[in-house]
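**Q** One predicted model, sequence on top.
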Amino acid sequence: QVQLVESGGGLVQAGGSLRLSCAASGRTFSSNYIGWFRQSPGNEREFVAAISQSGGHTPRADSVKGRSTISRDNAKDTVYLQLTSLKPEDTAVYYCSAENRGDISTPRSWTYWGQGTQVTVSS
């Protein structure tokens, strides 16, 4: 079992920045890819970013490429997602995920999910 807790969401003006955190506990954290997804009302959950065990592979969605940084601190069992130049269309609940078995951009290929943190970007 892996437990995931997201934090760092909030209300921010367009152009601002946020750093989201995903704290993990349970099975060995450092052996897992960790993913970030987001979901806004009426839309499917969509891939945002992921990071490999070593941190050397960090794929990002085109929608956040150039505006995002994903990193991890395995000593703290925590993954961070820094988002900059935020836009109103970034408004969503952001979820982190663990234990991938397939396409990392597909929600159904991930086993564990956190409860999500709300990000609201005002124009």
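**A** Done, it's in. Just so you know, these numbers come straight off a predicted model, no measurement behind them.
**Q** which residue is nearest the middle of the chain?
**A** The residue lying closest to the centre of the chain (CA atoms, centre = their mean) is residue 36, at 2.4 Å.
**Q** residues contacting that residue?
**A** 20, 22, 47-50, 70, 79, 81, 94-97 (CB atoms under 8 Å, 6 or more residues apart in numbering). All C-beta spots, glycine's among them, are computed from the backbone N, C-alpha and C.
**Q** Please repeat the previous calculation with a cut-off of 7 Å.
**A** 48-50, 70, 81, 94, 96 (CB atoms under 7 Å, 6 or more residues apart in numbering).
**Q** With residue 99 instead?
**A** Each residue near residue 99 by CB under 7 Å, 6+ apart is listed here: 2, 32, 110-112.
**Q** circling back to that earlier point, work out for me the element the residue nearest to the centre of the chain sits within.
**A** strand 34-39 (DSSP states H and E).
**Q** Can you list the neighbours in contact with whichever helix or strand comes after that strand?
**A** Toward the C-terminal end, the helix or strand that comes next after strand 34-39 (DSSP H and E) is strand 46-51. By CB under 7 Å, 6+ apart, the surrounding residues in contact with strand 46-51 are 33-38, 58-61, 64, 68, 70, 72, 79, 81, 104-105.
**Q** All set now, cheers.
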